[in-house]
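[1] Can you look at this prediction? I've put the sequence above it.
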Amino acid sequence: MMIRTRRALFVLDDENSDGFIQHYRTEVDLMELEITIDNTMKPPYFQIFRWFKEDKRKLNERLFASSNLEKIIDFVNEYLG
């Protein structure tokens with residue numbers, strides 16, 4: 001499965017995903033974004049993160065969360081302009 005927005009295509013990160021939590025990643029304009037899907041929640045819980053490096057550490061910032069994937073896609077479309 002992939003998650004498509006206007007300017008980004010998120011693909012499944014098989015190494016970090018399992019049956020409970022799935023991680024979808026993309027890069028847009030030198031920015032790393034990740035959508036996580038927590039399938040342990042009913043309905044599933046979606047979050048969008050922006051990853052960045054600070055010195056030698058890799059950090060993330062949670063941008064938005066929802067139990068509705070369409071709201072996440074709308075947020076990404078607005079965020080990326």
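    Received it, and whenever you're ready, just let me know what you need.

[2] Break down this structure into its strands, ranges please.
    2-4, 9-12, 21-28, 31-38, 45-54, 57-66 (DSSP state E).

[3] Pipe those into CSV and attach mean neighbour count, distance to Leu80 and mean pLDDT per row.
    Bear in mind the C-beta positions are built from the backbone N, C-alpha and C, glycine included. Formatted as CSV, these follow (neighbours: other Cβ atoms under 10 Å; distance: least, Cβ to Cβ, whole Å; pLDDT from 0 to 100):
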stretch, mean neighbour count, distance to Leu80, mean pLDDT
strand 2-4, 13, 13, 96
strand 9-12, 15, 12, 98
strand 21-28, 17, 6, 97
strand 31-38, 18, 9, 97
strand 45-54, 15, 11, 94
strand 57-66, 12, 11, 96
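
[4] Just give the nearest non-adjacent residue to the spatially most central residue of the chain, would you?
    Nearest to the mean C-alpha position of the chain, counting by Cα atoms, centre = their mean, stands Ile35 at 1.5 Å. Leaving out its chain neighbours, the residue that sits closest to Ile35 by Cβ to Cβ, 6 or more residues apart in numbering is Tyr24, at 4.5 Å.

[5] Surely the one you found and Phe46 touch.
    No. Counting by Cβ atoms under 8 Å, Phe46 is not a contact partner of Tyr24; they are 9.6 Å apart.

[6] what touches both of these two?
    Ile35, Thr36, Ile37 (Cβ atoms under 8 Å, 6 or more residues apart in numbering).

[7] shouldn't the first one be in contact with Ser17?
    Read it as Ile35. No. Using Cβ under 8 Å, Ile35 is not in contact with Ser17; the gap is 11.2 Å.

[8] Identify the contacts common to these two.
    Common neighbours of Ile35 and Ser17 (Cβ under 8 Å, 6+ apart) are His23.

[9] Could you report the neighbour count for Asn16?
    12 (other Cβ atoms under 10 Å).
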